[in-house]
Every structure is written in structure tokens, then in C-alpha cells.
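Quick one, fold the following:
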Amino acid sequence: MKQLIVVRHGDYGHSELTDLGRTQIRALAEKLKPFTNGATVLVLTSPAVRARQSAEIISSTFGVGFEEHDILWSDESRTENLLGTLELVRSRKDGAEVIILVTHYEYVERFPEYIAREELGTELRSRVIGKGQAWVLDCLQKTLTHVS
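The predicted model follows:
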């Protein structure tokens, strides 16, 4: 894996993306294209409706499918599992050069720092980002870029 992109789902109401949320994710997907630069892309998503709808838009933009994984769902009743998510990413031996995780607030806040420390042996600082935004972790250059 050359890049890990952690996406926070778009704006939502009653579990589903709003028109604003769809617009946010479409725009984000276009902004992510230069980071993938024709690489093989794999999209993994939380099964929450808002995340799945965001993954559908991103997957369509990249012309790939997506997989749902319960471990990527976090909210007030589901605690994020950083180690389990790292194991999910590590287990992907299907040749994807770029993995895009479509998930929630807790993961976008904590997972980029966690994987940088645990997998790359470096300290990178992430912070909370808004809905429809992403962190791009370049695993080769060991950099973290905010995309909004």
C-alpha cells in the first residue's frame, strides 16, 4: 500500500446523506484523484448508511466497487477499534496501492496518527476534520495531507 486515505462521510440527516453531503463527497472524490494517480484503488466502508452512500460516490468516481466492514463504524454506542482496523488494512493482500477508508469522526481523528506510529514508525499529527473531508497518508514519503 502506497497511500491510505481516511474519509469522513458527507453531511447527513436521518442517517442518509443530504444534498450537501453528496456534493461534498463528489467534490472530495475529484480532489483525491491526483493522489491516486492511476493506482489500483480499494474502497472499504462502514455499513452506516451515510458512510455507504459516501463510498458509493467515491467508488463510482474511481470505477471500483467497495466492501463494507462493521469494524469501521463508530458512534456514541460503538467504540473505534484502531488495532482491528490496522489488521484489516494489513490483511489486504490484493495488490491495492491505495486504500480508501470511508468512516466516521472518531476514525478520522485518531487512525492516521495510529497507523503512522504503528506501521510507519513515525509521528504524524492529525486533527478533527469536517464532514466530506479526508486525510491522505503517503506511506512512502511518511506525510499526512488534509484534503477538504
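
now for the lowest-mean-pLDDT helix or strand in the chain, which elements pack on it?
None of the helices or strands of the chain scores lower by mean pLDDT, DSSP states H and E than helix 105-120, at a mean of 92. Identification of packing neighbours for helix 105-120 by 3 or more CB pairs under 8 Å, 6 or more residues apart in numbering; DSSP states H and E yields strand 3-8, helix 82-91, strand 98-103, strand 134-138. The way it works is simple: take the backbone N, C-alpha and C, and place the C-beta from them, glycine included.

List just the one of those that sits closest to L72.
With CB to CB, the closest approach to L72 among the helices and strands packed on helix 105-120 belongs to strand 98-103: 4.5 Å.

Within its sheet, name the partner strands of that closest one and how each one runs.
strand 3-8 (parallel), strand 41-45 (parallel) (DSSP bridges).

following the last one, which helix or strand comes up?
The helix or strand immediately downstream of strand 41-45 is helix 49-62, counting by DSSP states H and E.
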